[in-house]
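Visitor: Below is the structure, and that's it, no one-letter string:
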């Protein structure tokens, strides 16, 4: 059958090549349709269609141990088509993951259950990543496969040597991120990733021919993947294809599996009605008859459950042998491996931050924060070898490559810097996969305006609470001549709106070092650091030992000559404007404090007394930032004034652009006088 053909399901079902494997696969099918029916929502089609593939993979190939879901050298299994989450939940229950009980299966899609509509990382053991936005899981899997090769290059086959398997659907391959991920994996020759394409020719609207006619196999071959095409319900073909894919070491592999969506449903299989509708009692009764399943809802017969539990335990000897190899490794190698596996940074790494600060103080020069960040990374990389840097083809501009970092190349993974190419979305998703894999701390850079291309992956990093670090340079109209298409205006406010994402915007080189320290100090927090193109003065000339930026906001300069009458708040490249305005206002007899707010999230985590002390009692406040006002309103109140952007930017010299939009010291002073007069008379 050609790859683009629409599959139809004969009645009755054809005899399987291996009836026993079909019985095991039917355990997945009935749990999926029963859970979706009880919830009256969900997606039974993918789990029922891919059950045969999953059964062969788990029973005969996947190396895992349900008793210890976190050992580093386990194989990874990801469903990029995350709407088919019941496939994963059924597998976790059947193979004996302790927190995936039959009660959780019955509570599918209910509040506070472990069985959310799409898989959510940390909701239950065995969920390797949060998927749902189509294609993200594929991007994550590429990152996991890259992390495996990098860790293997450092620690050898004895400690790190495993596969990453990913299920994906037609929607994943229509999303743009798939193009970036597929191209990147093929370029790097990531031979330890095997992707299974659920080629069922059905989408929500109907046949995929309504909207797509790509030859997916040719597309993967063009990106240097090893490609096979099989019947996804033929267990012998599935087995042979996985063996062939595992034997290919210099290319990633894609297995295009012709499947019937909703396999077993008597009237809906092979149609869009199987994709995301609750089947209905009559349809389920018919499916039970077709599948030869005589047991009531949510009941798995003891003999089949016992066999599935044995599958969940079959990897135990491999895990124990691996643990023995770890113990037998040379002390230094073993200690480094175990530390990195735990996600702990090396002792003394903060010395790199102190050294960077001293470098800035000794120089005293004006410096763009992107350059300051690069200087910090020069110190950090020598102290933290697991840092894995990269950029979306903007390395010289982002300053993301430390002087001692070695570049990773196709087939050569003993390095610490990745050229992601112009693939911002793919880069961000891959970094999430690297962070999830463990053993590495990924960071990657692009221009701030292109955070829009990364945003879905940034959002998922924040949702998963993982240490993925997004380096965004050229963070304002200070980008200058490239003009409004490249000048981020609304981006800071939009990114600050993402829950749990720490958005940093340092105002001088010392703050830049402190922000990096705060980022690395939080293993369960995604971070984005916004950095300037243009130079700015060193404001913190006596930084002291305390990391003041770690509180998110602090009083950089307190008012003098009386009680505070005015608070000026600022971040990044506008912080020096606030300092300069304060000098003028103090001379005019207006006691003025300058508050630096490099990270709003961290500031909000401080207690109310601290926040009141920083902001001051006066309602006369001015905020200055070369972005939109949103996110400042809560601090400005009804009386405050904002100096910033109210429209898109313009092309020109940096100083001219700032003057055009009236983001200047004089503008801050005028706003300050106005608000002080209004509040204090």
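Guide: Thanks, I have the structure now. This structure is a prediction, so every number in the text was calculated from the model and none was measured.

Visitor: Now do the helix or strand of the chain with the lowest mean pLDDT: distance to the chain's middle.
Guide: Across the helices and strands of the chain, mean pLDDT, DSSP states H and E gives its lowest value to helix 273-276, namely a mean of 94. Centroid separation for helix 273-276 versus its chain: 29 Å, with Cα atoms, centre = their mean, to the nearest Å.

Visitor: Return the list of helices and strands in contact with that helix.
Guide: If contacts are counted by 3 or more Cβ pairs under 8 Å, 6 or more residues apart in numbering; DSSP states H and E, helix 273-276 sits against helix 45-60. Where C-beta positions appear, they are placed from N, C-alpha and C, glycine not excepted.

Visitor: right, and the helix or strand after the helix it packs on?
Guide: Following helix 45-60 in sequence order, the next helix or strand is strand 76-79 (DSSP states H and E).

Visitor: Tell me the strands beside that next one, with direction?
Guide: strand 164-169 (parallel) (DSSP bridges).

Visitor: Need the contact partners of the partner strand.
Guide: Contacts made with strand 164-169 from outside it, assessed by Cβ atoms under 8 Å, 6 or more residues apart in numbering, are listed as 46, 50, 53-54, 57, 62, 75-81, 84, 87, 134-135, 137-138, 141, 144-145, 148, 178, 192-198, 200.

Visitor: need the helices for the stretch 251-400 of the chain, in chain order.
Guide: 273-276, 281-291, 302-313, 316-328, 331-342, 350-363, 369-383, 395-398 (DSSP state H, counting those that start in this stretch).

Visitor: mind giving me TSV with the ones you listed and columns for mean neighbour count and distance to residue 224?
Guide: Putting the helices of the stretch 251-400 of the chain into TSV (neighbours: other Cβ atoms under 10 Å; distance: least, Cβ to Cβ, whole Å) gives the following:
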stretch	mean neighbour count	distance to residue 224
helix 273-276	22	32
helix 281-291	18	40
helix 302-313	15	33
helix 316-328	14	30
helix 331-342	15	30
helix 350-363	17	38
helix 369-383	23	30
helix 395-398	17	24
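
Visitor: Quick one: closest of the ones you listed to residue 405.
Guide: helix 369-383 (5.9 Å; Cβ to Cβ).

Visitor: can you give me the angle that closest one makes with helix 350-363?
Guide: 140 degrees (axes from the mean of the first three to the mean of the last three Cα atoms, to 10 degrees).

Visitor: Tell me the helices and strands packed up against helix 369-383.
Guide: Using 3+ Cβ pairs under 8 Å, 6+ apart: helix 369-383 touches helix 350-363, strand 387-391, strand 469-473, helix 509-520.

Visitor: If I take it and strand 387-391, what angle do their directions form?
Guide: Using the same axes, to 10 degrees: helix 369-383 against strand 387-391 is 150 degrees.

Visitor: angle of helix 369-383 against helix 509-520?
Guide: Relative orientation of helix 369-383 and helix 509-520, computed by the same axes, to 10 degrees: 50 degrees.

Visitor: residue contacts, residue 66?
Guide: 92, 95-98, 126, 309, 312-313.

Visitor: before we move on, what about residue 211?
Guide: 174, 203, 205.

Visitor: could those residues go into CSV alongside distance to residue 402, neighbour count and pLDDT?
Guide: What follows is the contacts of residue 211, written out as CSV (distance: Cβ to Cβ, whole Å; neighbours: other Cβ atoms under 10 Å; pLDDT from 0 to 100):
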residue, distance to residue 402, neighbour count, pLDDT
174, 38, 17, 98
203, 45, 19, 96
205, 48, 10, 96
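
Visitor: returning to what we had before: give me the buried subset of the contacts of strand 164-169.
Guide: With burial judged by 16 or more other Cβ atoms under 10 Å, the buried subset of the contacts of strand 164-169 is 46, 50, 53-54, 57, 62, 75-81, 84, 87, 134-135, 137-138, 141, 144-145, 148, 178, 192-198, 200.
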